[in-house]
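Visitor: Here's a sequence, model it:
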Amino acid sequence: MQARRESRPAEAGKAGPVSLREAAALFSDLANSPALVLAVSGGPDSTALLVLAARWRASLKTGPKLVAVTVDHGLRPESAAEAQAVARLARRLRVAHRILRWQGRKPKTGVQAAARAARYRLLAQAAREAGARHVLTAHTRDDQAETVLLRLARGSGLAGLAAMARVAPLPTADPFSSAGKDSAAAATPRGRAAERPPLRALHVANHVQSGRSNPPLRPLPGNADKDILLVRPLLDLPKARLVATLKAARLAYAEDPSNQNARFARARLRTLMPALAQEGLSAERLCLFARRMRRANTAIERAVDAAFTELQPVFAPGPLIFDAEAFASAPEEIALRVLGRAISLRGDEGPVELGKLETLYGDLAAQFGTNSPRLRRTLAGALIVLDGDRLMVDRAPPRQARRPALTKRKGGRRKVDGRH
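Guide: Alright, predicted model coming up:
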């Protein structure tokens, strides 16, 4: 099969406003959707998203209904007025608009992650009510470059360094379960593993290689027709071009002061970007790096698909049982991901942090070289047992039953009651 070349709109190299022709290319794969929810905060990026989507929709005879949604987090006094400004612009553009508010108490720490999680939950609610399966956000090439740097700083693996995909499942889970970490599977709400469709969300982000190429948005396998997808149509555009688009249209936008607040890592990295660009680490090159990481990650995920099937051919309720010798002979990266998938499928505590997964694999590898390999561990709500020629992954027993009782024995030694 011949590799597909990435396409780029003819005008994409310019530094000026985004043209209608480019907008048509950016949104073309969404033309058959019944409705699209646009996340519009009132900042320059999301305001440009609203303007470009409205122009594109107006150029079509038929097409999706657009619903702009502004989430008022209530964290700044200006937020209510900014939401009303978006409402006025949406009326001018003949786009439906809703203001949703983040109710309840706000956390004292981790407020950005909590606000992001609340925003996605409210956007998912708006999408369900509008009959939309796609929520559009205004992430740009600049955001992608900053994400790559953040992931590098946190020691992410290959999947993390692929950064943001153009199309991904809408992240409505607990942000603290996976924020800033690589995991073996997509984030899922804690304690709901039984509702998780197997393997469906593990590699959906790999369906699209980059923001420059827009293949048709196909329904996901399994029962994923109930899912809502996050789409980032502007991911390959620099922020400067969106600002230029608004200036050309003489449209105002809001500026969130938290974007310049040095308390936040992303804001600190943003100040470093000009110096990094002088050394060759420009936003464009960082995004090229992310695309290459995504390409490599996609290839590895396909190898993991095959290995998972080969190592555990029967998928059924109950423990997943692998041939220990075959597992030990697999390349380390493949074995790691197979193990992570198995833990995600059988565990009930969310995705597996990469560092903890690597530690577990190291303990297993140390046992593989012995005459009688034995190991018993729990991780992310899963029980992992290596017993001779079998590697088993099952749901861990309730916490109160996980630690065997200790009884005193003559000579001061202790005996463990259990099956060990």
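Visitor: Go through this protein and flag its longest strand.
Guide: Across the chain, the longest stretch assigned as strand under DSSP state E is strand 65-72.
Visitor: what mean pLDDT does that strand have?
Guide: Mean pLDDT, strand 65-72: 96.
Visitor: and if you look at stretch 274-285?
Guide: Averaging pLDDT along stretch 274-285 yields 91.
Visitor: Could you export it as PDB, CA atoms only?
Guide: The C-alpha atoms that make up stretch 274-285 are tabulated as PDB, following Å, rounded to 0.1, in the frame of the first residue of the first chain:
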ATOM      1  CA  PRO A 274      11.700  32.700  21.100                       C
ATOM      2  CA  ALA A 275      15.100  31.700  22.500                       C
ATOM      3  CA  LEU A 276      14.400  28.000  21.600                       C
ATOM      4  CA  ALA A 277      13.500  29.000  18.100                       C
ATOM      5  CA  GLN A 278      16.800  30.800  17.600                       C
ATOM      6  CA  GLU A 279      18.500  27.400  18.500                       C
ATOM      7  CA  GLY A 280      16.300  25.600  15.900                       C
ATOM      8  CA  LEU A 281      13.600  24.400  18.200                       C
ATOM      9  CA  SER A 282      10.900  26.400  16.500                       C
ATOM     10  CA  ALA A 283       7.200  25.600  16.900                       C
ATOM     11  CA  GLU A 284       7.100  24.200  13.400                       C
ATOM     12  CA  ARG A 285      10.000  21.800  14.100                       C
END
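Visitor: mind listing what's buried in it?
Guide: Judged by neighbour count using 16 or more other Cβ atoms under 10 Å, the buried positions of stretch 274-285 are Leu276, Leu281, Ser282, Ala283. Backbone N, C-alpha and C define where each C-beta goes, glycine included.
Visitor: ok, the last one to Ala153 distance?
Guide: Ala283 is 16 Å from Ala153, where distance means Cβ to Cβ, to the nearest Å.
Visitor: ok, now the first one?
Guide: Distance from Leu276 to Ala153, counting by Cβ to Cβ: 12 Å.
Visitor: Ok, the third one next?
Guide: In this structure, Ser282 and Ala153 are separated by 18 Å, where distance is defined by Cβ to Cβ.
Visitor: excluding its backbone neighbours, what's nearest Val95?
Guide: Closest residue to Val95 apart from its sequence neighbours, by Cβ to Cβ, 6 or more residues apart in numbering: Leu66 at 4.7 Å.
Visitor: residue boundaries of the strands in the stretch 151-300 of the chain?
Guide: Along the stretch 151-300 of the chain, the segments classed as strands by DSSP state E, counting those that start in this stretch run 167-169, 229-231.
Visitor: Note down every partner strand of the first one and its orientation.
Guide: It stands for strand 167-169. For strand 167-169, the paired strands and their directions (DSSP bridges) are strand 229-231 (antiparallel).
Visitor: quick one: the strand it pairs with to chain centroid distance?
Guide: Distance of strand 229-231 from the chain centroid (Cα atoms, centre = their mean, to the nearest Å) equals 10 Å.
Visitor: Can you give the contact residues for it?
Guide: Applying Cβ atoms under 8 Å, 6 or more residues apart in numbering, the contact partners of strand 229-231 are 30, 120, 133-137, 166-171, 217.
Visitor: 6 Å instead, please
Guide: Contacts to strand 229-231, defined as Cβ atoms under 6 Å, 6 or more residues apart in numbering, come from residues His134, Val135, Leu136, Val167, Ala168, Leu170.
Visitor: now stretch 80-89
Guide: So stretch 80-89 is in contact with Val40, Gly42, Thr70, Asp72, His97, Ile99, Ala254, going by Cβ under 6 Å, 6+ apart.
Visitor: which of those has the most neighbours?
Guide: Among those, Val40 has the most neighbours (other Cβ atoms under 10 Å), with 29 neighbours.
Visitor: if I pick that residue, what's in contact with it?
Guide: Ser46, Leu50, Ala68, Thr70, Val86.
Visitor: Hmm, the third one is touching Ala90, no?
Guide: Think Ala68. Yes. Counting by Cβ atoms under 6 Å, Ala68 does reach Ala90; the two are 4.7 Å apart.
Visitor: These two - which one has more neighbours?
Guide: With neighbours defined as other Cβ under 10 Å, Ala68 and Ala90 compare such that Ala68 has more, 27 against 22.
Visitor: Report the beta-bridge partner residues of that one.
Guide: Judged by DSSP bridges, the bridge partners of Ala68 are Leu38, His97.
Visitor: The one 4 residues further on now?
Guide: For Asp72, the beta-bridge partners are Arg101 (DSSP bridges).
Visitor: Now do the contacts for it.
Guide: For Asp72, the contact set (Cβ under 6 Å, 6+ apart) comprises Ser79, Ala83, Ile99, Arg101.
Visitor: Now that we have those residues, which of them are buried?
Guide: Neighbour-count burial (16+ other Cβ under 10 Å) applied to the contacts of Asp72 gives Ser79, Ala83.
Visitor: now the contacts of Asp72 in CSV, with secondary structure, distance to Ala342 and pLDDT?
Guide: Output for the contacts of Asp72, formatted as CSV (DSSP: H, G, I helix; E, B strand; the rest coil; distance: Cβ to Cβ, whole Å; pLDDT from 0 to 100):
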residue, secondary structure, distance to Ala342, pLDDT
Ser79, helix, 44, 88
Ala83, helix, 45, 93
Ile99, strand, 44, 96
Arg101, strand, 41, 91
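Visitor: with the contacts of Asp72 in mind, which one is nearest to Arg241?
Guide: Comparing the contacts of Asp72 against Arg241 with Cβ to Cβ picks out Ala83 as the nearest, at 25.1 Å.
Visitor: Distance-wise, check that closest one relative to Ile99.
Guide: Note on Ala83: its distance to Ile99, by Cβ to Cβ, is 5 Å.
Visitor: Find the residues that touch each one of those two.
Guide: Joint contacts of Ala83 and Ile99 (Cβ under 6 Å, 6+ apart) are Thr70, Asp72.
Visitor: re earlier: weakest of the strands of the stretch 151-300 of the chain by average pLDDT?
Guide: Among these, strand 167-169 carries the lowest mean pLDDT, at a mean of 94.
Visitor: that older thread, which neighbours do Ala68 and Ala90 have in common?
Guide: Common neighbours of Ala68 and Ala90 (criterion: Cβ under 6 Å, 6+ apart): His97.
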